[in-house]
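>>> Need a 3D model of the sequence below.
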Amino acid sequence: MNTINMNDVAAQVKQFITGANKHLSTGIQQIQVGGATFTVTGLTALLQSFVDNREAVEVSKAATKAKVQVEQAQSPSQLAIIRAFEKVVRGMFGDSADVLADFGLAPPKARALRSAEEKAVSAAKSAATRTARGTMGKVQKKSVKGSITAKLVVTPVTTSPLAPAPVASPAPATSTPVATASTAAPTGTAPAVATVAATPPHTA
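From the prediction side, this is the model:
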């Protein structure tokens, strides 16, 4: 279904009025339109009324749009004051229903106290829900511990065949002190001195 663009229709009606005033205003006293009889003046007046209504709507829409923009700009701060004022009124008059009614406010609802039976039923429902969902409380969660079932494999570390072999440090050379043996010679003879040379250690 096609939507009628009223602005386009109004533009066409303006052209109808222009044409009627130019070609029908002289020589034609009455005209049959839609089963009704009109004078040219009466018909053009009806058409002009349609155009006037459309223009009034457009003017109203523009004014409404401007008013909506003003409301959107000012309402946030205004609503904050309104809510704050409600809190002030409730703080001043508390549960006074008659005074609050003068401000259009209802007294706060009294908190319903549950009986012991209702509390027991609620607790049973909560426990059943936890069981059905498999949920646990803090104490139950603490009792759950993790376990490890994986097999531990130890891999020995071997020396890479590409690594250079360790070089043995040569043993430090030792020196054997020269032993001097003194032999007692017979009287009147100079003592003989035996000298033993140190032999260096054999190195492989």
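>>> Next secondary structure element downstream of the host helix or strand of residue 131?
If you go by DSSP states H and E, residue 131 is part of helix 116-133. The helix or strand immediately downstream of helix 116-133 is helix 138-142, counting by DSSP H and E.
>>> Quick one: list the elements packing against the longest helix along the chain.
The residue-count maximum for a helix in the chain (DSSP state H) belongs to helix 40-93. Contact here means 3 or more C-beta pairs under 8 Å, 6 or more residues apart in numbering; DSSP states H and E; on that basis helix 40-93 packs against helix 6-23, strand 30-33, helix 97-102. C-beta here means a position set from N, CA and C on the backbone, and glycine is covered the same way.
>>> Serialize those to a markdown table and add fields for mean pLDDT.
A markdown table is the format used below for the helices and strands packed on helix 40-93 (pLDDT from 0 to 100):
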| stretch | mean pLDDT |
| --- | --- |
| helix 6-23 | 95 |
| strand 30-33 | 92 |
| helix 97-102 | 95 |
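>>> And these: which comes nearest residue 69?
Taking C-beta to C-beta, helix 6-23 is the member of the helices and strands packed on helix 40-93 nearest to residue 69, at 21.7 Å.
>>> which parts of the helix holding residue 131 are buried?
Across helix 116-133, burial judged by 16 or more other C-beta atoms under 10 Å covers no residue at all.
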